[in-house]
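Q: Got a predicted structure here, sequence first:
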Amino acid sequence: MWGDGDLVESYQGSFFNPRISLLTYFSSKSQLRINLGSSSKSPAMSTIYPPESILRWRNPHTGITEYYRFDKRVPNLQGYKTSQIEISYDHKFFRRMGISLTAYYRERNNQPKSQYLPVFTEINVDEKNIVYFIDEYSLSYNLGSHQSKGIEFTLRTAKIKPLNMNFKITGAYSYSRTPSTGYSYSYSFDESIGQYANYEVPGVESDTLIGFYYPSSGQWRDRLQINYYLKYINRDLGLWVTLRAEQLYTDRYQNFSLKPVDYNLLSDPAKIVRDYEESIISKPPKWLFSFNVSKSLFKGAEVSFYVNNFLDDPAIWRSYNPASDIFIDYTRNPELFYGIEFSMIFDELFR
């Protein structure tokens with residue numbers, strides 16, 4: 001439980017996951033909630049026991065096609081752990097309105113991540129050893145990491161009797177970061193922009209540098225969304241209507257630790273492409289409107305009619321990619337769709 005080693009012998013490791021919750025009442029109208037703890041998860045069986053990789057390579061000297069098989073099973077791949085702390089504050093105003101604020105931080109480490117491994121072969125031609133690059137295959141390692149944090153809030157009103165309505169607003173800001181972990185390999189490189197062969201081929205007699213080896217890239221992303229709910233209830237008619245509006249206020253991301261280059265050696269068009277690849281990509285705000293109408297048929301049974309994206313707004317985001325010198329349109333809202341749902345509690349039929 002403490003120190004090195006596993007409490008219980010297991011191929012995927014053993015984990016101790018304590019959880020602590022604290023609830024403090026400041027008054028009958030306000031309270032503070034604190035939750036912290038951890039959880040663990042075993043890798044998927046398809047990750048531990050994937051099918052083998054078979055690479056095909058044609059020998060340029062003999063013309064014979066050769067096959068290379070690689071066992072990708074990783075029976076000792078470890079599970080990964082997620083730790084989280086969450087602090088919430090709830091307050092009620094005059095029995096007419098309530099608000100909840102939550103801040104959280106979550107961290108995940110040692111998550112399985114695929115690494116691509118280059119494959120080489122060494123052959124003797126005219127009493128001279130020549131090393132050839134064949135291809136790559138992937139293998140899973142406990143290298144992945146991910147951090148996220150954010151703030152969430154909920155504002156809810158009591159029923160406004162003259163209108164038979166209540167309102168609710170929820171909002172969330174989240175920030176996530178996937179750091180650069182592990183390495184990437186590229187057989188092709190360009191010395192004119194500062195990329196030089198640096199991968200020493202293991203297990204061969206020749207002193208050979210083939211390909212470019214560099215740290216993998218990472219990414220961060222943040223997002224702010226606010227949702228508005230309006231609910232109308234008519235008890236006499238057994239009818240309730242819910243209107244939902246989703247406002248995505250900001251959505252940004254940035255890739256970092258990209259394939260290394262010497263920026264000063266890039267041409268002007270290449271600098272534009274590189275600046276774009278390293279820039280913060282920000283998507284414009286968008287809205288999504290949906291509604292649901294439900295009708296009580298008899299006790300324990302109801303039918304609902306719903307329409308999602310009833311304005312049929314695709315929320316097109318046009319992005320310019322300087323690498324291809326074209327504009328690309330992305331649809332950010334789902335298509336308009338609607339349907340009818342029926343639900344019933346059978347217990348009511350036998351009472």
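A: Received the coordinates, thanks.

Q: Show me what the mean pLDDT comes to for stretch 71-80.
A: The average pLDDT within stretch 71-80 is 93.

Q: quick one: low-confidence parts of this protein?
A: 1-7, 348-351 (pLDDT under 70).

Q: rerun that using 80 as the cut-off
A: Within the chain, the segments meeting pLDDT under 80 span 1-10, 95, 206-207, 299-300, 323-324, 347-351.

Q: Which helix runs longest in it?
A: helix 268-278 (DSSP state H).

Q: Quickly find the element holding Leu22.
A: strand 19-27 (DSSP states H and E).

Q: Which element is encountered next along the chain beyond that strand?
A: Using DSSP H and E, the helix or strand that follows strand 19-27 towards the C-terminus is strand 30-41.

Q: what residues does that following strand touch?
A: Here strand 30-41 makes contact (C-beta atoms under 8 Å, 6 or more residues apart in numbering) with 15, 17-26, 79-92. The C-beta positions use only the backbone N, C-alpha and C, and glycine is treated the same way.

Q: What are the buried residues along that strand?
A: By 16 or more other C-beta atoms under 10 Å, the buried positions in strand 30-41 come out as 31, 35-36, 40.

Q: OK, contacts around Asn109?
A: Going by C-beta under 8 Å, 6+ apart, Asn109 touches 80-81, 144-145.

Q: Let's see that with 6 Å instead.
A: Each residue near Asn109 by C-beta atoms under 6 Å, 6 or more residues apart in numbering is listed here: Ser145.

Q: How much space separates the residue nearest to Leu22 when sequence neighbours are not counted from Lys149?
A: Closest residue to Leu22 apart from its sequence neighbours, by C-beta to C-beta, 6 or more residues apart in numbering: Ile34 at 4.3 Å. Using C-beta to C-beta, to the nearest Å, Ile34 is found at 16 Å from Lys149.

Q: Same check on Phe16?
A: Going from Phe16 to Lys149 by C-beta to C-beta gives 24 Å.

Q: now Ser174
A: For Ser174 relative to Lys149 (C-beta to C-beta), the value is 7 Å.

Q: Same question for Glu86.
A: Counting by C-beta to C-beta, the gap from Glu86 to Lys149 is 10 Å.

Q: count of residues packed around Tyr137?
A: 20 (other C-beta atoms under 10 Å).

Q: cool, the one 5 residues further on as well?
A: Burial of Asn142 is recorded as 19 neighbouring residues (other C-beta under 10 Å).

Q: what secondary structure does it sit in?
A: Three-state assignment for Asn142 (DSSP: H, G, I helix; E, B strand; the rest coil): strand.
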